[in-house]
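Enquirer: Pasting the sequence and the predicted coordinates here, then a few questions.
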Amino acid sequence: QVQLVESGGGLVQAGGSLRLSCAASGRSFAMGWFRQAPGKEREFVAVISWDGTTYYTDSVKGRFTISRDNAKNTVYLQMNSLNPEDTAVYYCAAATGGIGSAYRVPRLYDYWGQGTQVTVSS
């Protein structure tokens, strides 16, 4: 059992930055971030594998950066140039096995954090 604890959400003005953190109680192969806005389905944001390979959804490329500290079992999401469309609850997720090219599929992740609210005001 792996527990994930997120932190770093909050309220920020458009154009601002936030850094999310997710501390895991154990090792995982891939760690990702998803988000869910009111009335919308949970969507993939970014993922990083154990070896540092990263993937992003198109809408955040060039603005968000995912990174991880394997020694601390922690993943980060640096979010810059935030806009109101980024407003959502952000969830950290961990996969204990390889998920290959299916990293956008939420059900393939084994563990989830409780979520942290990110609100971007215009």
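Expert: Alright, I've got the coordinates.
Enquirer: Figure out the helix or strand that the residue nearest the centre of the chain lives in.
Expert: When the chain is reduced to its mean C-alpha position, the closest residue under Cα atoms, centre = their mean turns out to be residue 33, at 1.9 Å. When elements are assigned from DSSP states H and E, residue 33 belongs to strand 30-36.
Enquirer: ok so, going back, what's across from the residue nearest to the centre of the chain in the sheet?
Expert: Legend: beta-bridge partners of residue 33 under DSSP bridges are residue 46, residue 92.
Enquirer: For it, list the residues it contacts.
Expert: Remark: with contacts taken as Cβ atoms under 8 Å, 6 or more residues apart in numbering, residue 33 is in contact with 20, 22, 45-47, 66, 75, 77, 90-93. No exception for glycine: its C-beta is placed from N, CA and C like everyone else's.
Enquirer: can the residues you listed go into a markdown table with extra columns for neighbour count and distance to residue 83?
Expert: Below are those laid out as a markdown table (neighbours: other Cβ atoms under 10 Å; distance: Cβ to Cβ, whole Å):
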| residue | neighbour count | distance to residue 83 |
| --- | --- | --- |
| 20 | 24 | 16 |
| 22 | 25 | 22 |
| 45 | 25 | 14 |
| 46 | 23 | 16 |
| 47 | 23 | 22 |
| 66 | 22 | 18 |
| 75 | 28 | 23 |
| 77 | 27 | 15 |
| 90 | 24 | 15 |
| 91 | 23 | 20 |
| 92 | 28 | 22 |
| 93 | 25 | 23 |
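Enquirer: Of those, which is the nearest to residue 101?
Expert: Within the contacts of residue 33, distances to residue 101 taken as Cβ to Cβ reach their minimum at residue 47, with 10.8 Å.
Enquirer: Pull the contacting residues for residue 115.
Expert: If you count contacts by Cβ under 8 Å, 6+ apart, residue 115 has them with 6, 36, 89-91.
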